[in-house]
Every structure is written in structure tokens, then in C-alpha cells.
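[1] build me a structure from this.
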Amino acid sequence: MSYVPKILIVDDEARMRDSLEFLLSNKGYKVDVGCNGGEAIECLNKDSYDIVLLDMVMPDMNGYQVMDYIKSQHSDTMVIIMTGHASIDSAVESLKRGAYDYLRKPFDFEQLLARVKNTIDQIKLKKQNELVSGKLEVTEQRYRYLVNASPDIIYTLNPEGEITFINGAVESLLGCNAERLVNKHYTDIIFKEDIDKAKYHFNERRTGSRATSGVELRLKTSNNDRNPEEYLTVELKSMGIYNKLVNEIDKTFMGTYGVARDIGDRKRLEVQLLQAQKMEAIGTLAGGIAHDFNNLLMGIMGRISLISHDIDLNHPHYKHFKGIEDIVKRGSDLTKQLLGFAMGGKYEVKPTDINELIGKCSDMFGRTKKESRIHTIFQKDVCAVEIDQAQIEQVLLNLFVNAWHAMPKGGDIFIQTKNVTLDDEDVMHYGIKPGEFVMVSVTDTGVGMAEETQQHIFEPFFTTKKLGRGTGLGLASTYGIIKNHDGLINVKSKKGEGTTFNFYLPAVEAQIVKQLPDDTEDEILHGTETILIVDDEEIVINVSMEMLNSMGYHVIIARGGKEALEIFKKDKDKIALVILDMIMPDVGGSYVYNVLKEIRPDIRVLLSSGYSIDGQASEIMSRDCDGFIQKPFNMIQLSKMLRKILDK
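    Modelled structure (predicted):
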């Protein structure tokens, strides 16, 4: 009677357990089930299993704990991870802990059966390899069947390094005919830069002084002659063959046998993890630089506002002051790009008609870039989206500018909106929830992009423009802004066929807020109330105090959180509003805000920061904070914000 593989299913979801048990039992496998980690360990103590299908998230213990137990007590049992919470980190960690494979929920049953069959084949191969060490005896015919059924490359070399046997996996992995490789030297299929590493590894096998160990090598594919950079990354393990036991003296080296496993998927996971860590580190650096730079710009912007306020429009230097102010605004726009990439947050979120916003942005862009013809295809009943309008305007302008650069001789830009539904499969790689979305599509008829360029298009500082012609921050900040709105963005392009960017924003059921026209666009609004400024930057304190004094306000200064609380406890009844910096060395803005509200619940607070709103400030805004103003700001902007808060 043939051996029936035993499989243990461990999942706390009853429907998943029952479905897998029914499927695998019908395929001839012997199946047991457990609903948690404790039951899994009980089953393993009573019986032995070839495979454990293991859910990562369970109520009593997680999958890693069960894996550790299996590794220590049942090392021959193969583990396939099943999880609906897969990430790059968890996948890499599972493989490091000894999992043979992993599946991301939801998966189709054909995919599961293929993975199970592959694992069973590996178990058979492992047992077959034990034959070579004298642990088992099987016939040559069965040995060759198992070896040729393996998805890994299995080979033997003679003492000169010539291939004496290689299984059929080399054909599917490298595209090479197995029979034609026999009698060729192993260096014929080693990537040229890895030949020295391979020689060192195989020379070690001659001595017998080291146990078999894995080495990472690149193997040439059949397309290597046409594309010298094409290769397959494998983990190669090998062992020397001798006419006597390894520990005996006067033994003769007879050759080498070993296995080469494709680790391309694992390497890609590691690269993605490193890329994510790099993006996070650069984002932190970019946010810090933008914060400090905005504080410097605040000093310049504030003093220009003060000078411009005190001179006549006909003054010979007035246009120069306005020119400096424009330059500061350009510098502020650059820091907004940095903050957008750093995912700094949304701070003026409101339900919005995306068609109206796109229409306004495209009209403005079309007036300045008349060589680009803009066509809009709007869904009439498009859902509302809850967005920071200024940031989404920045996204649209970045995409319009990108399209314009791709069409140096002019062309067409097509903008489309559409209500769509994204399911689990659509969003599984983006870390967002499925549901109703509004899709915005921006298509150009430009030069298009190569596949390699598309892989790097959202990376910070990546640009295809000549040195000095672009910052490489536009699409990076676009990516950060859309992600921070719980959306997703992707790109489709071919060389010579144009480019399409699609971004998706969550739809909301809310009344759209219409922005009222501002009748005081260039007017500085005055007041007489007492205002407490809390900031640790002397540049910001001095210029803010002078601006407020010129508007008629009484000003109290606090150069840190502790000092601010001491002053407020003493003068709480006469202070009408607090301008509060978020990032301070002694006590942070969040703590100061909480204590201010405890002392006097009706105190009005205006948050001010060189960062855009991050998680901390956004959380304060959700607790009925009165407003947020981002540095650098001028007198007009500050005066309007103060009156908006104080007069409501």
C-alpha cells in the first residue's frame, strides 16, 4: 500500500479549516485539523505530519511560536504559512524561521494544491537525499524520478568540475537543455562576476574539512548571450563525494553533488524590505530638513511682510520686496514637496467635488502651457472625496507638469474621473481597505517610459531630466500624499505610447463644502486681544511678535512648553489665544495643549509648525483644536487665521 502524506491544518476560522480539509481529503491526503496553537501542539505530540498549513494570527499563540516548536521538536515537518496580514517583513521573517513556503489570503485552491504538491515533492527529495548518506536504499529508477521531479537544480560534478548529471529543473529555471550541459564545466553556467566565489566554494568541498553550507550565486540563463545582465539567483549547497568516509584518512576525492534553489522571490522580498526602510529613512530626513528650512523661511517671510506693510506701493523697493516674497513662496513650495514625500499629513480635510477641483487646476495649467491640449471626461454623479484640497491640487499639478515634460513638441492630456469599487485583490499590495473609490486618470500622448524607469518613478530624487532641470521630488511627494489619503497610485506606460497615471481616493457620503470667496484677499485684519506665542526658535518668536504688534495685538512670549504653562496658569484670564509650536525640546506641543485645555477648556489654540500636520498634530486637531497654520506664513495669512478663530 502506498504512503499517504499527512497534513495538519491549523486555523482559527472554521470555514477555512472545513474548506481545506474537504479539498485535501478529496485529493487523497490524510488530514487533521486544529483551531489554535495549543491544539496544533497536541496533534503534533500524538502523531507525525509531513506538512503543517499554519495560520499566522490565532487567539492563544501566534504562528511564529508554533513554528519555533515545530522546528525544535519536529524538524522534518514542513510548514506552509497562510495569512491574510502578509507583509514584506512577515514573509521574510517566516522564511528565516524555517517556513518552506507561504500563501497570502485569499488564495485559490489550485494555488494551494500546487504548493502542497511541491512541498510533498521536496519531502520525497529530502528522503531521497538521505539515500546518498546511506540512510535509505531505493532503486535507481525511483531516485531519478524524484530528482527529475524536483523544482530545484540537482547536479553532480567529477573531480575536474565537469557536470556528470543535472536534472530537468535546469530547463525550466535557466532555459538550458540538461543533456547538453553534461560534460561541460560548471563555470559555463556561472555568472562571470561570481566565478571566483564558485571556485572557492567547490575547492572547499575537496578538503572535506567543512560541512556543507549555502552560498549565493548567480547562474546564466539561455538568454545571457543576448542579454549579458540576465541571470538567476540561487542558493547552492554541495558536498564532496569520497571513496571513504569523510573523517577517514587517505580518502580520494571523487567529485561533488549538490542542490541549487531559486531564491529570486526571497531576494525580491529582501530588496523590497530594504527599499521600504530606505524610503522611511529618507522621509524622516526630508521632513526634518523641511521643518528647519521652513523656520528660516518664516523669518524672511515675516520681515518682508513687515517692511511691505509699512511702505507705499510706489516705493522704488516695493517690487523687490515682493520679488523676495515670491522667492520665499517658491522655497516653501519645495519644502511642501519634501513634506508630501515624508507623508506629513493632511490638515485641511473637507468633502470635495473632485471634478470641480480638477477643472480649476486644469484651467489654470492650460492657460500657462497652451501647447498642451487638455480634455476632460468627468463622471457626472462622481462621489465626494474627503481630501486636503491644497495637497491634491499639488498632486494634479505634478502629474500635469510630468505630462507636459513628456510632450516636448506639444500633445494631448486626457483627464478622467470615475466611481469604482476595489476589492481585496485590488488593494492587497497597497495596505488599504477595499471599498468605494473615485478614480482619477491622467493620460498623455508623450514619449512614454521604459519598464525600468517605471520601477523607480516614485522614488525620491529620481529624475530622468538633465542635472539641474528637476528635483526628483514631484512624483515622490505625489505618492506620499495619495498614500496619506488612504489611496493608491499606479502608472502604466510604454516607450513611444504615452503614459497613464491612475490614483484612487476613498469615496465618502458627505455634503460637499463650497469655498466662499474671500473679500479680504490683500487686507491685513487687526485686533486688540492678548496672544501667547509658544515657540523655541528665536527667529520665529521675534518676527511673530513684531507682526502681531503691528496688527494691534498684545503679545506674551514663551520660549518653550514649560514656560508657556507657567505663564498661562498666571495669566489665563487675559489670554485670548495661544499660537502653539508642535516640536519643542523640553515639552512637546501635544502635552502643552492637553494642560492648556485642563486649565481653561475654552482657550483657543492655533497650532503652528514647520512640518505639515503629522500623526500627533492631526490627533490634536481631531480634539477640537481651533486651527493650524504652516510656516512660513505672512501677515495677511496670520491675520486672517487669527480673526477666523477669534471672531467665531
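[2] any idea how the protein splits into domains?
    Per automatic domain parsing, the domain ranges recorded for the chain read 6-129, 151-262, 272-333+523-648, 354-511.
[3] for the stretch 151-300 of the chain, give me the ranges with low pLDDT.
    Confidence mapping of the stretch 151-300 of the chain against pLDDT under 70 gives the ranges 205-213, 224-225, 245-248, 269, 271-291.
[4] quick one: the strands in it, in order.
    153-157, 163-166, 215-220, 231-242, 253-262 (DSSP state E, counting those that start in this stretch).
[5] quick one, which of those strands is packed in tightest?
    strand 153-157 (a mean of 23; mean count of other CB atoms under 10 Å). C-betas here are computed from N, CA, C, even on glycine.
[6] on that earlier part again, for Tyr143, find the nearest of the domains of the chain.
    Among the domains of the chain, the nearest to Tyr143 by CB to CB is domain 6-129 (5.9 Å).
[7] run the chain-centre distance for that closest one.
    28 Å (CA atoms, centre = their mean, to the nearest Å).
[8] circling back: any chance of the domains of the chain in CSV with distance to Tyr143 as columns?
    What follows is the domains of the chain, written out as CSV (distance: least, CB to CB, whole Å):
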stretch, distance to Tyr143
domain 6-129, 6
domain 151-262, 10
domain 272-333+523-648, 38
domain 354-511, 41
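[9] Tyr145: which of these is closest?
    Of the domains of the chain, nearest to Tyr145 by CB to CB is domain 6-129, at 9.3 Å.
[10] returning to that earlier point: how about JSON lines for the strands of the stretch 151-300 of the chain, with distance to Glu21 added?
    Below are the strands of the stretch 151-300 of the chain laid out as JSON lines (distance: least, CB to CB, whole Å):
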{"stretch": "strand 153-157", "distance to Glu21": "33"}
{"stretch": "strand 163-166", "distance to Glu21": "39"}
{"stretch": "strand 215-220", "distance to Glu21": "39"}
{"stretch": "strand 231-242", "distance to Glu21": "34"}
{"stretch": "strand 253-262", "distance to Glu21": "30"}
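[11] can you pull the contacts of Pro5?
    Pro5 makes contacts with Tyr29, Lys30, Asp50, Ile51, Ile120, Ile123, as judged by CB atoms under 8 Å, 6 or more residues apart in numbering.
[12] can you rerun that using 7 Å?
    Residues near Pro5 by CB atoms under 7 Å, 6 or more residues apart in numbering: Tyr29, Lys30, Asp50, Ile51, Ile120.
[13] next, count neighbours for the residue nearest to it when sequence neighbours are not counted.
    Spatial nearest neighbour of Pro5, excluding adjacent residues (CB to CB, 6 or more residues apart in numbering): Asp50 at 4.5 Å. By the measure other CB atoms under 10 Å, the count of residues near Asp50 is 21.
[14] same check on Met407?
    Met407 has 20 nearby residues by other CB under 10 Å.
[15] swap in Asp76?
    Counted with other CB under 10 Å, Asp76 comes out at 11.
[16] just confirm it is within a strand.
    No - the assignment for Asp76, made by DSSP: H, G, I helix; E, B strand; the rest coil, is coil rather than a strand.
[17] what does the host helix or strand of Asn549 rub up against?
    If you go by DSSP states H and E, Asn549 is part of helix 538-550. With CB under 7 Å, 6+ apart as the test, helix 538-550 has contacts from 295-296, 298-299, 302-303, 305-306, 309, 531, 533, 535, 555, 557, 559, 579, 631, 635, 638.
[18] number of residues surrounding Val508?
    With other CB under 10 Å as criterion, Val508 counts 16.
[19] that one and Ile387 touch, don't they?
    No - between Val508 and Ile387 there is no contact under CB atoms under 7 Å: 9.5 Å.
[20] that older thread, and the helix holding Asn549, what's buried?
    By neighbour count on 16 or more other CB atoms under 10 Å, the buried set for helix 538-550 is Ile539, Val540, Ile541, Asn542, Val543, Ser544, Met545, Glu546, Met547, Leu548, Ser550.
[21] also stretch 72-88?
    His74, Thr77, Met78, Val79, Ile80, Ile81, Met82, Thr83, Gly84, Ala86, Ile88.
[22] switch those over to JSON lines; also include pLDDT.
    Shown next, in JSON lines, are the buried residues of stretch 72-88 (pLDDT from 0 to 100):
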{"residue": "His74", "pLDDT": "87"}
{"residue": "Thr77", "pLDDT": "89"}
{"residue": "Met78", "pLDDT": "89"}
{"residue": "Val79", "pLDDT": "90"}
{"residue": "Ile80", "pLDDT": "90"}
{"residue": "Ile81", "pLDDT": "87"}
{"residue": "Met82", "pLDDT": "85"}
{"residue": "Thr83", "pLDDT": "80"}
{"residue": "Gly84", "pLDDT": "76"}
{"residue": "Ala86", "pLDDT": "59"}
{"residue": "Ile88", "pLDDT": "65"}
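[23] starting at the chain centroid, how far to stretch 258-272?
    Using CA atoms, centre = their mean, the offset of stretch 258-272 from its chain centre is 20 Å.
[24] i'd like the first residue to be 57 from this point on
    Shifting the count to begin at 57 puts that one at stretch 314-328.
[25] what sits against Pro115?
    Listed by CB under 7 Å, 6+ apart, the contact set of Pro115 reads Asp68, Asn92.
[26] could you look up the SS state of it?
    Pro115 ends up coil, using three-state DSSP.
[27] what are the phi and psi angles of it?
    For Pro115, the backbone dihedrals (degrees, to the nearest 10) come out as phi -70, psi -30.
[28] after the helix or strand containing Glu619, heading C-terminal, what element do we hit next?
    Assigned by DSSP H and E, Glu619 belongs to helix 617-627. Next in sequence after helix 617-627, counting helices and strands by DSSP H and E, comes strand 631-637.
[29] can you count the residues close to Gly487?
    Neighbours around Gly487, by other CB under 10 Å: 10.
[30] residues contacting it?
    Gly487 neighbours (CB under 7 Å, 6+ apart): none.
[31] I'd guess it is in a strand, am I close?
    No - assignment of Gly487 by three-state DSSP gives coil, placing it outside any strand.
[32] looks to me like Ser497 is in a helix.
    No - counting by three-state DSSP, Ser497 falls outside a helix, being strand.
[33] beta-bridge partners for it, please?
    Taking DSSP bridges as the rule, Ser497 bridges to Gln472, Asn558.
[34] so who does it touch?
    Contacts of Ser497 by CB under 7 Å, 6+ apart are Gln472, Thr556, Asn558.
[35] and those residues as TSV, adding neighbour count, pLDDT and distance to Leu79?
    Shown next, in TSV, are the contacts of Ser497 (neighbours: other CB atoms under 10 Å; pLDDT from 0 to 100; distance: CB to CB, whole Å):
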residue	neighbour count	pLDDT	distance to Leu79
Gln472	17	95	42
Thr556	16	94	40
Asn558	17	94	36
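[36] nearest to Asn118, of the residues you listed?
    Asn558 (36.3 Å).
[37] relative to Leu413, how far out is that closest one?
    17 Å (CB to CB, to the nearest Å).
[38] likewise Leu544?
    For Leu544, the distance to Leu413 - CB to CB - is 19 Å.
[39] neighbour count winner among the two?
    Leu544 (20 against 17).
[40] quick check, pLDDT for that one.
    Note for Leu544: predicted pLDDT of 90.
[41] what do you get for the one 3 residues further on?
    On the pLDDT scale, Val547 is placed at 89.
[42] same question for Thr432.
    Confidence for Thr432, expressed as pLDDT, is 92.
[43] in which helix or strand would I find Ala459?
    With DSSP H and E as the test, Ala459 turns up in helix 445-461.
[44] distance from that helix to the middle of the chain?
    For helix 445-461, the distance to the chain centre is 21 Å (CA atoms, centre = their mean).
[45] any buried residues in it, and which?
    445, 447-461.
[46] same question, stretch 227-241
    Glu227, Leu229, Leu230, Cys232, Ala234, Leu237.
[47] right, and out of these, which lies closest to Phe247?
    Leu230 (11.2 Å).
[48] and the residue lying closest to the closest one once chain neighbours are set aside, how far from Val290?
    Nearest non-adjacent residue to Leu230, counting by CB to CB, 6+ apart: Thr277, 5.1 Å away. To Val290, Thr277 is 12 Å away according to CB to CB.
[49] okay then, goodbye and thanks.
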